[in-house]
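Requesting a structural model of the entry that follows:
(chains A, B, C and D)
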4 protein chains.
Amino acid sequence: MNKTAIPHALKAIGVVGAGRMGTPIIGHLARKGFATRACDLNAARASAVKELGAQWAASPESLAAECDAILVCVGFDREVQELLAEGGPLRRAKPGAIVAILSTIHPKTVQNLARECASANLHVVDSTVCRGGEAADKGTLLSFVGGSAEVVGRLTPVLRAYSSDVVHTGGVGTAQVAKAVNNLILWACLVADHEGLALARHYGADIEALRKALLISSCANGPLEKWGSQTMAWAEDDMAIVAEMAAEAGIALPQAGVNREICRALKPRRYKLDLYGR
Amino acid sequence: MNKTAIPHALKAIGVVGAGRMGTPIIGHLARKGFATRACDLNAARASAVKELGAQWAASPESLAAECDAILVCVGFDREVQELLAEGGPLRRAKPGAIVAILSTIHPKTVQNLARECASANLHVVDSTVCRGGEAADKGTLLSFVGGSAEVVGRLTPVLRAYSSDVVHTGGVGTAQVAKAVNNLILWACLVADHEGLALARHYGADIEALRKALLISSCANGPLEKWGSQTMAWAEDDMAIVAEMAAEAGIALPQAGVNREICRALKPRRYKLDLYGR
Amino acid sequence: MNKTAIPHALKAIGVVGAGRMGTPIIGHLARKGFATRACDLNAARASAVKELGAQWAASPESLAAECDAILVCVGFDREVQELLAEGGPLRRAKPGAIVAILSTIHPKTVQNLARECASANLHVVDSTVCRGGEAADKGTLLSFVGGSAEVVGRLTPVLRAYSSDVVHTGGVGTAQVAKAVNNLILWACLVADHEGLALARHYGADIEALRKALLISSCANGPLEKWGSQTMAWAEDDMAIVAEMAAEAGIALPQAGVNREICRALKPRRYKLDLYGR
Amino acid sequence: MNKTAIPHALKAIGVVGAGRMGTPIIGHLARKGFATRACDLNAARASAVKELGAQWAASPESLAAECDAILVCVGFDREVQELLAEGGPLRRAKPGAIVAILSTIHPKTVQNLARECASANLHVVDSTVCRGGEAADKGTLLSFVGGSAEVVGRLTPVLRAYSSDVVHTGGVGTAQVAKAVNNLILWACLVADHEGLALARHYGADIEALRKALLISSCANGPLEKWGSQTMAWAEDDMAIVAEMAAEAGIALPQAGVNREICRALKPRRYKLDLYGR
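Residues are numbered from 1 along each chain as shown, chains lettered A, B, ... in the order given. Sure, this is the predicted structure:
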């Protein structure tokens, strides 16, 4: 672990990726008084960013040079790698800067990048977010953070700007493990909810009344509570990471294996119970 | 629906089956002031029943003759059928008596029995219980009840003796549908929890800390909250009913199909994460 | 095992059920010179039966009284039980007659019926048929037979009238076990063939050329050879028996569990690769 | 497609990778009179290669410079990419040389490499092999070949040295698609065979007699014929490719999803029926 002193209070915060999650996070940071800079490949996001009280950066390079901490909110493993690879834009961050990866990617990618960037005097941690877009809007996300206690301690006030709960899960990569497990269970529940409610529909049940009753029963689960609102936008990518992790761990996860495939077909017909299993 | 007047207040309550669920229910009924009678194939249960303040009945026939309402707490579909078949012991119940089936059985069995018993002036309803043995002990079960509003209304004070929540799910059989759906989702969650936590274990996570964090995340679910305490005693029987219902409904429930098989192998090694998927 | 002498050569053969399998079997028996009688619940089958050179029997009772051996070709477990239950029509068969159950039913049903009928001096065996309707037409079925060597030996010439292969699988019930295993693997292959060819379709392969190439490869299988011709008429019933047998054996068959559900949805869209997995 | 004339008759053949498949292929080529050169990362393979009548090449570079056609028999996608990447050793092959990829890898990897190498005047095709190690020993492999008719025509005599069947599947990449489909079905069959025979074992069947009977029945399949001999060495890698292809194609393959997981746990206990599903 690099021993360079971390600037005591993180004041200037950069956000790379102003999408569904990044945008509300930018807003919370700005409102909480952080000097917030943001960039996105899509230049059309600039006005929205500025309206939230943050500065628009023309590129991740220019953003990196100005920030004490950078939150990476891009979509894919490959994008995170390009940002932090040798010669990549975030390598231009100030010595001692913290780079927090919010994207859901493979734990080993984070661990590899953290190791490589340590020599460049950057503190890479993973800081995954749960509870989805609505919680991002309200600033009530759950953040899992993986990194040294010192770095996580410094970063926590930043995370609290948009998270009502922050859990330090362990060393670098552990926040990705926690997120992967969350996703595995989350999508399993959503599939199970579909199967259960589709069955009930065929037996003539009042689905909305049943759903409410089940929420106070032993099978209560998050996706049943949020029934009708989950986009499944990332379900397939989530389950691809889970599949790779299971293969590397050498354990068989038969339910996750079938869930991955079900999610692929379910996404476009989610919440349409009459179509389930037909 | 039989029009015989139901005795206004149900006072004398019989319980057939003094097992894991029946026994605490007997206790709650007696403590709440109902004149409670119980029987069980296993005569050794008599002393426990008496200690709870209930009377021991030598047989379901003798019990039936004395009660305003009878709660059937036996284990299997076949047993319920034998109790209520033509010539069966519960056919000797007083005219207008209510027979509530608490056992988890196929909805159609309940509907068939209700139809047959209506001509014998018995009101058969299903009144399934969720939340498990601990909730039975505390009197905080959730009861789903399927039957006419009138009968359910009369029965509700009895159910409230041991249930903190009573939900009228619709006509006869609907409480079994609700219970089946609960079970389908419940066991799906427990399998998913095993898969997720087993994966985390292989990545070195602190399982108990992770579990607590997941309970405030989007994947929170009942079995994760009760982690370590579920016996899975009835999981296989539950899933056999689900499988039959799906076949009859003509819909494919691929996750439930694989869960049924997983549960069979999981039961003896439940909560042993190191053995999962090996 | 009943010791009553079996009539030396079986000459008069009855067939109960003149459906897709029974009808061609009736034809083969008649052509091979057996005095063949047949009945069916559907009286409209009489003319077809007579055209094949067999006699029409008004009922299974009347048929039973005239035959040395009776082949039961009905569809369902319940029907077989009704035919052979105490007081059932086939109990009127001549002392020492052989009743061969060709229907695919649970092995234990056959074993129970064999035990019960032994006291009525009937030899019940199971004699399941594989390879489907076309093979029935050609008289090239594969028969599995479960029973004592003596009874099976006597029955074999009858089976050879419509079977190019007869395999004595062991005691009563073993022909059902063999058939169940055949079905489990058969439908698994058909699902796998769909998944493989659907994937190939998405990658632009010439499906018919690929199928032929695969038939000389390591993945060759029966349903791939018969691609396009299987009705899946009994796939669901087959898999229900498999599921029950697995539950009784206490072993988890996760692929069979998911196959059962897939078959249910696949049947109406079988061989339509563009619809698979959508 | 590059138009450089292909040398008329391929005489000098290189084999990169002298493992389980490469070694017997080297032997067949040498015995059929091809000037055969081989290399392997493991220098200890040199003596075996020489004994087969081939020359040992110190490196893929030196091999490439001397050969008209090169067969790539390495294990993994990454290795194939390294051999053929810009600056990679096989880029030093003679202008117009054919590089045939026998390794099982993703179709798109082959297509990308073929496109890149075309500008370097190399003809990259995929030429996957089925039927396993024993067939390799006997020279009775099945080769699927994907490439232009001209290149495939020139390569065919080389493939015939070790293949009793050669099927031209279409353009570059199609041999990988055919192999992936073969593998998907192959492992599905092996899992199904385990489930079926494990079930039979619990019902007391003579497994070897049953297996032989099933081989003449409708469920006959390759892995049932080769029962007891398949190593499953590559099953997991095969299924990982299938999973990636299904994800890219956007179709759900639920059986393949669960098979992938089952194979992972099955491999160390394959053919041990008493352990299946426990």
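
Mind listing residues that contact stretch A:155-165?
With Cβ atoms under 8 Å, 6 or more residues apart in numbering or on different chains as the test, stretch A:155-165 has contacts from A:9-10, A:13, A:24-25, A:28-29, A:31-32, A:34, A:69, A:71, A:98, A:100, A:125, A:127, A:129, A:136, A:139-143, A:145, A:147, A:166, B:216. Using the backbone N, CA and C atoms, a C-beta is placed for each residue, glycine as well.

6 Å instead, please
Counting by Cβ atoms under 6 Å, 6 or more residues apart in numbering or on different chains, the neighbours of stretch A:155-165 from elsewhere in the structure are A:10, A:13, A:25, A:28-29, A:32, A:69, A:98, A:139-143, A:166, B:216.

what about chain A, any weak spots by pLDDT?
Scanning chain A with the threshold set as pLDDT under 70 gives A:1-8.

Can you get me a residue count around the closest residue to A:Leu102 other than its chain neighbours?
With sequence-adjacent residues excluded and distances taken as Cβ to Cβ, 6 or more residues apart in numbering or on different chains, A:Leu102 is closest to A:Cys73, at 4.9 Å. Residues within reach of A:Cys73, counting by other Cβ atoms under 10 Å in any protein chain shown, total 25.

Chain B versus A:Cys73, what's the distance?
Between A:Cys73 and chain B the distance, using Cβ to the nearest Cβ, to the nearest Å, works out to 18 Å.

Verify the stated contact: that residue with A:Gly22.
Yes. With contacts counted by Cβ atoms under 6 Å, A:Cys73 reaches A:Gly22, the gap being 3.6 Å.

Who are the contact partners of the residue nearest to A:Leu102?
Taking Cβ under 6 Å, 6+ apart as the definition of contact, the neighbours of A:Cys73 are A:Val15, A:Gly17, A:Met21, A:Gly22, A:Leu102.

gap between A:Tyr203 and chain D?
Spatial separation of A:Tyr203 from chain D under the definition Cβ to the nearest Cβ is 24 Å.

what do you get for A:Ala180?
For A:Ala180, the distance to chain D under the criterion Cβ to the nearest Cβ works out to 16 Å.

name the element that residue belongs to?
Taking DSSP states H and E as the definition, one finds A:Ala180 inside helix A:174-202.

Could you list every helix and strand in contact with that helix?
Counting by 3 or more Cβ pairs under 6 Å, 6 or more residues apart in numbering or on different chains; DSSP states H and E, the packing neighbours recorded for helix A:174-202 are helix A:107-118, strand A:123-130, strand A:141-146, helix A:222-225, helix A:235-249, helix A:254-266, helix B:174-202, helix B:254-266.

right, and those - which one's nearest C:Asn259?
With Cβ to Cβ, the closest approach to C:Asn259 among those belongs to helix B:254-266: 7.9 Å.

And for the closest one, what's in contact with it?
Outside helix B:254-266, the residues within contact range by Cβ under 6 Å, 6+ apart are A:191, A:195, A:254-255, A:258, B:184, B:187-188, B:191, B:235-236, B:239, B:242-243, C:252-254, C:257-258, C:260-261, D:254, D:258.

how much distance is there from that helix to the middle of the chain?
Chain-centre distance of helix B:254-266: 21 Å, with Cα atoms, centre = their mean, to the nearest Å.

what does stretch A:28-45 give?
How far stretch A:28-45 lies from its chain's middle: 17 Å, per Cα atoms, centre = their mean.

Quote the end-to-end distance of it.
Using Cα to Cα, to the nearest Å, the end-to-end distance of stretch A:28-45 comes out at 17 Å.

Give the buried residues for it.
By neighbour count on 16 or more other Cβ atoms under 10 Å in any protein chain shown, the buried set for stretch A:28-45 is A:His28, A:Leu29, A:Ala30, A:Phe34, A:Ala35, A:Thr36, A:Arg37, A:Ala38, A:Cys39, A:Asp40, A:Arg45.
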